[in-house]
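> no FASTA, just this:
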């Protein structure tokens, strides 16, 4: 049994890494087929080349918005259209983004809750975040959620389970600070449809070889094993 989609982000500390294009062949060789980057860290023309290379490899392409102001979020949505991404994640202004994406096939997964700072932190109480999640899921043009569960100063596992239950089968991607196998297992158990890892794999955080290929192989296996165990229970 396969687990949720593992989305590898060519990012460190919520910024696209300078050598993202050079690292891409290694990511593809590991069998990763869901690949993304952030809307900051490289100039738009470099992000465009990176997007084109990911698309050319046949991988699903994700752009995550971590810019905090309205004008930047609108520009990032326009970049998503220009780049031909499959999924636009993050951001917190559907009223700004949905009109930009209108008429495209791009799926849109904004952040529920109050997201502040950079790297992003999920502020507020769990019930407020859950209420935000439900409101977003009821918003036309929103297809799923991008949940910063492990950037929340509270019970991340309970929050994931509550948000996934509220989503009722619609996509929930858990992003941010997934840096150990126990967290991947918790994401699977909560019923999330995907999760992102960036910094942790690039920095060799998982208990295997420090090379990126080793890290990616480990994360892929961890997701599959967790899914098999969850199904058995």
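Sure thing, it's come through. Since we're looking at a predicted model, the values are computed, not measured. Numbering: from 1, shown residues only.
> what ranges does the chain have for its strands?
Taking DSSP state E to define them, one finds strands in the chain at 5-9, 11-12, 15-16, 34-38, 60-65, 87-90, 107-109, 114-116, 121-123, 145-147, 172-174, 194-197.
> partner strands of the first one and their direction?
Read that as strand 5-9. strand 34-38 (parallel), strand 194-197 (parallel) (DSSP bridges).
> columns distance to residue 75, mean pLDDT and mean neighbour count on top of those, output as a markdown table?
In this view, the C-beta of every residue, glycine as well, is placed from N, C-alpha and C. What follows is those, written out as a markdown table (distance: least, CB to CB, whole Å; pLDDT from 0 to 100; neighbours: other CB atoms under 10 Å):
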| stretch | distance to residue 75 | mean pLDDT | mean neighbour count |
| --- | --- | --- | --- |
| strand 34-38 | 13 | 98 | 26 |
| strand 194-197 | 22 | 98 | 26 |
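> which one of these lies nearest to residue 163?
strand 194-197 (13.1 Å; CB to CB).
> who's in contact with the closest one?
When contacts are defined by CB atoms under 8 Å, 6 or more residues apart in numbering, strand 194-197 is touched by residues 4-9, 34, 36, 62, 64, 171-176, 178-179, 184, 187, 219, 223.
> just the strands of the chain: most buried one?
strand 145-147 (a mean of 29; mean count of other CB atoms under 10 Å).
> what pairs with that strand, parallel or antiparallel?
When DSSP bridges is applied, strand 145-147 pairs with strand 172-174 (parallel).
> from the middle of its chain, how far away would the strand it pairs with be?
7 Å (CA atoms, centre = their mean, to the nearest Å).
> so where do the helices sit in this structure?
Using DSSP state H, the helices of the chain run over residues 20-29, 44-56, 70-83, 94-101, 126-137, 156-167, 181-190, 199-202, 212-232.
> what pLDDT, on average, does the shortest one get?
To tie it back to what came earlier, the one meant is helix 199-202. Mean per-residue pLDDT for helix 199-202: 97.
> still on that earlier bit, so can I have JSON lines of the strands of the chain showing distance to residue 231?
Conversion of the strands of the chain to JSON lines gives the following (distance: least, CB to CB, whole Å):
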{"stretch": "strand 5-9", "distance to residue 231": "16"}
{"stretch": "strand 11-12", "distance to residue 231": "31"}
{"stretch": "strand 15-16", "distance to residue 231": "35"}
{"stretch": "strand 34-38", "distance to residue 231": "21"}
{"stretch": "strand 60-65", "distance to residue 231": "23"}
{"stretch": "strand 87-90", "distance to residue 231": "25"}
{"stretch": "strand 107-109", "distance to residue 231": "25"}
{"stretch": "strand 114-116", "distance to residue 231": "32"}
{"stretch": "strand 121-123", "distance to residue 231": "29"}
{"stretch": "strand 145-147", "distance to residue 231": "22"}
{"stretch": "strand 172-174", "distance to residue 231": "18"}
{"stretch": "strand 194-197", "distance to residue 231": "17"}
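> out of these, nearest to residue 206?
strand 194-197 (8.6 Å).
> measure the residue nearest to residue 213 when sequence neighbours are not counted to residue 23 for me?
Excluding the flanking residues, the one nearest residue 213 by CB to CB, 6 or more residues apart in numbering is residue 30, at 5.4 Å. Going from residue 30 to residue 23 by CB to CB, to the nearest Å gives 11 Å.
> quick check: which ranges of this protein have low pLDDT?
Scanning the chain with the threshold set as pLDDT under 70 gives 1-2, 233.
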